[in-house]
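J.: got a sequence here, can you model it:
(2 chains)
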Amino acid sequence: DAGITQSPRHKVTETGTPVTLRCHQTENHRYMYWYRQDPGHGLRLIHYSYGVKDTDKGEVSDGYSVSRSKTEDFLLTLESATSSQTSVYFCAISESYEQFFGPGTRLTVL
Amino acid sequence: GIQVEQSPPDLILQEGANSTLRCNFSDSVNNLQWFHQNPWGQLINLFYIPSGTKQNGRLSATTVATERYSLLYISSSQTTDSGVYFCAVEQGGANNLFFGTGTRLTVIP
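T.: Just a heads-up that it's a prediction; the model follows:
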């Protein structure tokens, strides 16, 4: 299994609070991704990174920001969480074409 | 953006049966992957297959890029095959995958 961890694995928070999710890899892969999974939508890309300090938006980036200060860590921040951001968040990594996924973080915004 | 359609949306099989899952996509792609999401939510990479045929044990996949579809074959299904199977494709750069909505497979003992 690819060495990908996500923290926290579960989080319940209130509307309006900031939330940061962390993705950590031990594979030294160049690319890292954040997806969200919602019923009826499959997985949708939020943001991705193609190197340290190099990030770009995905399909559903509104309300999210990311940072990558080290190769191994990719942070996803919800500046002010909303109920529509209740979802399961997956991190993925890749070096070429194949993507490998972390275990996911279940976030509930009340 | 590119459209990815998977069929059937749901499939129930008796253990030991074979099945074929289909993925249609609306434009040419650079990358196509099949994933299995197990009942615990873990996404497992099954195949990277932008074209051609690959086999891994009881699973095989075929992508006909010129006709914009891919097939995932599961033979002699087992209860551990249950879960959701996703097809995902990428068109441009940076390997940004677009996922279908999946096929939910239930294998009954």
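J.: tell me the spacing between A:Tyr64 and A:Ser87.
T.: 11 Å (C-beta to C-beta, to the nearest Å). Quick note: C-beta positions are derived from backbone N, CA and C, even for glycine.
J.: what does A:Lys70 give?
T.: 26 Å.
J.: which of the two has more residues huddled nearby?
T.: Shown here are A:Lys70 and A:Ser87; by other C-beta atoms under 10 Å in any protein chain shown, A:Ser87 has more neighbours (21 against 10).
J.: quick check: closest non-adjacent residue to that one.
T.: A:Arg36 (4.3 Å; C-beta to C-beta, 6 or more residues apart in numbering or on different chains).
J.: ok, the one you found touching A:Arg44?
T.: Yes. Taking C-beta atoms under 8 Å as the definition, A:Arg36 is a contact partner of A:Arg44 at 5.8 Å.
J.: with neighbour numbers in mind, choose between the two.
T.: Ranked by neighbour count (other C-beta under 10 Å), A:Arg36 and A:Arg44 place A:Arg36 first, with 23 against 17.
J.: which bits of chain B sit near chain A?
T.: By C-beta under 8 Å from any C-beta of the partner chain, the residues of chain B that approach chain A are B:1, B:4, B:30-31, B:33, B:35, B:41-45, B:48, B:50, B:86, B:88, B:90, B:94-102.
J.: make it 10 Å
T.: B:1, B:4, B:6, B:30-33, B:35, B:37, B:40-45, B:47-48, B:50, B:84, B:86-88, B:90, B:93-102 (C-beta under 10 Å from any C-beta of the partner chain).
J.: buried ones from those residues, can you make that a PyMOL selection?
T.: Listed next is the PyMOL selection for buried residues among the residues of chain B next to chain A, using 16 or more other C-beta atoms under 10 Å in any protein chain shown:
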select buried, chain B and resi 4+6+31+32+33+35+37+42+43+45+47+48+50+84+86+87+88+90+95+96+97+98+99+100+101+102
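J.: which members of the residues of chain B next to chain A occur in strands, if any?
T.: Mapping these onto strands (DSSP state E) picks out B:4, B:6, B:31-33, B:35, B:37, B:43-45, B:47-48, B:84, B:86-88, B:90, B:98-99.
J.: separation between the residue lying closest to B:Pro39 once chain neighbours are set aside and B:Asn96?
T.: Of all residues not flanking B:Pro39 in the chain, B:Gly83 sits nearest, at 5.7 Å (C-beta to C-beta, 6+ apart). Between B:Gly83 and B:Asn96 the computed distance is 24 Å (C-beta to C-beta).
J.: now do A:Lys11
T.: 26 Å.
J.: run me through the strand neighbours of the longest strand along chain A, direction for each.
T.: If you go by DSSP E, chain A has its longest strand at strand A:42-51. As defined by DSSP bridges, the strand partners of strand A:42-51 come to strand A:31-38 (antiparallel), strand A:54-57 (antiparallel).
J.: list the buried residues in it.
T.: In strand A:42-51, counting by 16+ other C-beta under 10 Å, buried: A:42-49.
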